[in-house]
Each structure stands twice: as structure tokens, then as C-alpha cells.
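Q: no sequence on this one, just coordinates:
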């Protein structure tokens, strides 16, 4: 319950304001002088709001305002001041001095509650922003990674372990999980950090172009080869070559890469002279290479050559503890880039982020924050733009419905039944597997678990 100090030398006003607040569920502490309120502020650390008359004898409401905003113990407290009708100039001055709002006497109970709740909501949002900033400051950062979830700490440990070796690493994970970032982290943490890091996308180029990019070519090797071209493997020197989406390479490229890893040498296209490979190879894929091997689409011998050490990048839905920290990190970046005066995320936006499944992972989150930061007209982000939930099958939520019922009444009476029927349908379909249900609904496993708890459901009831 919120604690509010009410300060006024008019006992009638004091009683009326305090009564309105208490009837609405607030704790109202009554003070008939500013001096007694100032003493209380020094002793009570958890006051949420001060409501004070401006004109009082001896010590004024302006003095109380100054104390509330600059007290030594405890955080600053927002203040709403009461002024007499026609005293607006004074009210403007105290607003400039830091007051959160003002009310003209006589005070309407309805208007009082609206102003109080608005100020308290802004304070709660400010607290949330401060919490996000603190989490960002305390976040485990590792070679451009942000986050300290259990799965990411395991990733950091493995990166540190393999960085001091020359073993070939296969980085696996869904699109947008940061596979290239992991490869760069391995390079940066290794003794090769002062040598080049060369990345090449195996899916972005056709076979002939990829071959030339990787191995280079001699002058006259093919039509248009008017000069010698140095390939990525050669230009990397003693650094690191990152082969992104290696699962998309053609059989011809796979054969040549296998020889490179076996013999540690290669030739340029159209060339005969062997060139020693000095670089380390790190590969990445979002494909199921084991299935590709069985289907004959990926060489088994190459699979074992690149998969000496496997580094799995977790999906964002598997590291929910990092979502808000990442969002705050990206927001700070885009605030500076686009010169925006954004304060942070409203609770509704935080709930949206935690409930969304993030099929595009960290990349999708970053894009969503950038898009929202760029176009939002408000200081507080209450919703991220462009996010859509997974489509579900049509469900018969109700058995018998009244012959006639207004939509507003139906929404009020059946909203919880809809939620419960919706979650039960998919829990039955997936035999109680929360992760599968979450994936189908486009929400997080945490959200599904909360729904089950809300309606008194147990996942084991759906396993049969």
C-alpha cells in the first residue's frame, strides 16, 4: 500500500483529503504543519508521495518541497501542492522548483485521485527504469555479450576454454542468437586477437563466387579473372576465418574445405601452388547437420572435422532473465543514435517482451527496440511495434451460449473462460509439454506456467 503524507493547516481540508485517499486504499498520514512533516520525512524512509498546502505560517509548503526533493536519507519524494484559486503564478513557480503537480482549492475528490495516481505511476515507472539501469550495470558482460543467465554463463565459460586452443569450433544456434558474436569473442580472447578476423557468409554467394572468395583465383582462371585475387583463407593470415552457415555449402565446396582442414593447405582457383593455411577455422550453422548427413546433403567426414568442439547459442526464449537487460541496453544505444528523450519501458511493454517467444531471437529484439524507439511519440514505451503472436487453430471455447448476449457482457463474463479453454486445448494437444505449448502460442514458457497456476491446472494432468 502506498504511503502518502497530507499536509495542511486547515483541519477540514486535511481531513477531507485524507479520507478520500484512505477510502481508495492509500495510507494517509496527516500533518497540520510543514515543520512536523519535514521532521517525519527525516524519520520515515518509505514515503511515496507528499500532498501539501503551499501557504502555511512559519514553514511553507515550498520549504517542504525543497526538503522532499533533496532529503539526505531515502530517495526524493514527489510532491503535489495545493493552491488557492487564482494563485496559479505561484503554482507555476513551484512546478519549476520540482513539484510533480498542483491542485486548486476547493479540491475535488475525483480529480485528487486522478492526479495522485498519475504521479505515483510515473514514480513507479521511474523506479522500473532505475532497476533496469542497475541490472544493465550489474549485467555479466563478455566480449560484447550482455546477459548473465545460466545458459549464457555456460557459453562464456566454453568460449574462454576453447579460445586458448587452436581447435576447430562449430557454433550452432537459431538465426539471431549471436553466432558470429561468439566467433568474434573466441578470436578476441585468443592469442590471435591482433590478427585479422575474416567472416564470410556461405549462403549469400553462389558456388563459383564462394569458391573464389574463399580460395582466391589466379589471373586468367576464368572469364573475367583479369588479375590475381587473394581469398579469405589467405588474407586471414594467422587470424580467424568464420564460415557462417556452412550447412548451405555445395558438395564441391565441402570437398575442398575437407582438404583444407585435413592438409592445412589449399590452392587458388586456377593455381597449382599449395598455400599453407595459417588461420583458425570457426564454422556456424542453424541447420540440423546430423539430418543433412543422413540425407546425403552434407559430408559426414567434414561434419566431424568442423565439429571438434560444439558451442550452442541458446535461443532468447531460453534466457528470459536477459530479455529486459538486453532491451534496456539496446534502448540506450538507439536513444543516443536518434537523439530521443525516451525514459524507458512501461510495465505493459515489459510484460509484452516477457510473453513473446522471439523467434528471431536477439536480432529481432534489437530491431523491435530500434523500430519502436524511432517512431514512438511518447517518452515511455508502452508497447513494442511490429510484434505478432503465432496463429492458433480455431477452438470451440464454449459449450452452451445464451441466445442473446451483448459483446461487453460476454467479454466481462467469459474472458477467463476463454483463457482457460485456450491453454487447456493446447496442453491436451501437446500432452502437457509446456515448452511445445509456448512455441505454438508464440509466448514464453513462463507465461504458460503462470496461466496454469492462475487456473489451478497441473501439467501432469495432460500427459495421459
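A: Thanks, I have it. The structure presented is a predicted model; accordingly, all values stated were derived computationally and were not measured.

Q: Can you name the element that comes right after the helix or strand bottoming out on mean pLDDT in the chain?
A: The helix or strand of the chain with the poorest confidence is helix 407-429; it has a mean of 64 (mean pLDDT, DSSP states H and E). Beyond helix 407-429 on the C-terminal side, the first helix or strand identified by DSSP states H and E is helix 434-441.

Q: Pull the residues that contact that next one.
A: 317, 357, 389-390, 392, 423, 426-427, 429-430, 444-445, 447-449, 452, 459 (C-beta atoms under 8 Å, 6 or more residues apart in numbering). Quick note: C-beta positions are derived from backbone N, CA and C, even for glycine.

Q: Give me the longest helix you can find in this protein.
A: Counting residues, the longest helix in the chain under DSSP state H turns out to be helix 109-138.

Q: From the chain's centroid, how far away is that one?
A: Centroid separation for helix 109-138 versus its chain: 20 Å, with C-alpha atoms, centre = their mean, to the nearest Å.

Q: Averaged pLDDT, it. What do you get?
A: Helix 109-138 shows a mean pLDDT of 78.

Q: Any buried residues in the helix or strand hosting residue 37, and which?
A: Counting by DSSP H and E, the element that carries residue 37 is helix 34-43. By 16 or more other C-beta atoms under 10 Å, the buried positions in helix 34-43 come out as 34-35, 37-38, 41.

Q: Between those, which sits nearest residue 122?
A: Taking C-beta to C-beta as the measure, residue 122 lies nearest residue 41 of the buried residues of helix 34-43, at 19.8 Å.

Q: wait, doesn't the closest one sit right on residue 47?
A: Yes - the pair residue 41 and residue 47 passes the contact test of C-beta atoms under 8 Å, sitting 6.5 Å apart.

Q: who touches the residue nearest to residue 335 when sequence neighbours are not counted in this structure?
A: In space, and not counting its chain neighbours, residue 335 is closest to residue 342: 5.4 Å by C-beta to C-beta, 6 or more residues apart in numbering. Residues near residue 342 by C-beta under 8 Å, 6+ apart: 331, 335, 373, 376, 379-381.

Q: how does it look with 7 Å?
A: 331, 335, 373, 379, 381 (C-beta atoms under 7 Å, 6 or more residues apart in numbering).

Q: So it: helix, strand or coil?
A: coil (DSSP: H, G, I helix; E, B strand; the rest coil).

Q: can you tell me how far it sits from residue 101?
A: Per C-beta to C-beta, to the nearest Å, residue 342 is found 22 Å from residue 101.

Q: With residue 21 instead?
A: From residue 21 to residue 101 the distance is 15 Å (C-beta to C-beta).

Q: When those two are compared, which one has more neighbours?
A: Higher neighbour count among residue 21 and residue 101: residue 21, with 22 against 17, using other C-beta atoms under 10 Å.

Q: which one is residue 428 nearest to, not counting chain neighbours?
A: Excluding the flanking residues, the one nearest residue 428 by C-beta to C-beta, 6+ apart is residue 462, at 5.4 Å.

Q: what's the pLDDT at the one you found?
A: 80.

Q: what's near enough to touch it?
A: Applying C-beta under 7 Å, 6+ apart to residue 462 gives the contacts 427-428, 431-432.

Q: which residues in the stretch 101-250 of the chain form strands?
A: Counting by DSSP state E, counting those that start in this stretch, the stretch 101-250 of the chain has strands at residues 101-104, 141-142, 145-146, 169-172, 197-201, 216-217, 229-230, 240-244.

Q: right, so of those strands, which gets closest to residue 8?
A: strand 101-104 (11.3 Å).

Q: mind listing what's buried in that closest one?
A: 101-103.

Q: Closest one of these to residue 164?
A: Closest to residue 164, out of all of the buried residues of strand 101-104 and judged by C-beta to C-beta, is residue 101, at 59.2 Å.

Q: I'd say the closest one and residue 79 touch.
A: No - using C-beta atoms under 7 Å, residue 101 is not in contact with residue 79; the gap is 8.5 Å.

Q: quick revisit: from the buried residues of strand 101-104, which single one is nearest residue 348?
A: residue 101 (22.6 Å).

Q: Tell me the bridge partners for the residue lying closest to that closest one once chain neighbours are set aside.
A: Leaving aside its chain neighbours, residue 101 sits nearest to residue 80 (4.7 Å; criterion: C-beta to C-beta, 6+ apart). Beta-bridge partners recorded for residue 80 (DSSP bridges): residue 51, residue 101.

Q: any idea of the pLDDT on residue 80?
A: On the pLDDT scale, residue 80 is placed at 92.

Q: for the one 5 residues further on, same thing?
A: The score at residue 85 is 58. That number is its pLDDT.

Q: Reformat the strands of the stretch 101-250 of the chain as CSV; add mean pLDDT and distance to residue 158.
A: Putting these into CSV (pLDDT from 0 to 100; distance: least, C-beta to C-beta, whole Å) gives the following:
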stretch, mean pLDDT, distance to residue 158
strand 101-104, 85, 53
strand 141-142, 68, 11
strand 145-146, 89, 12
strand 169-172, 97, 9
strand 197-201, 95, 19
strand 216-217, 92, 32
strand 229-230, 92, 32
strand 240-244, 96, 16
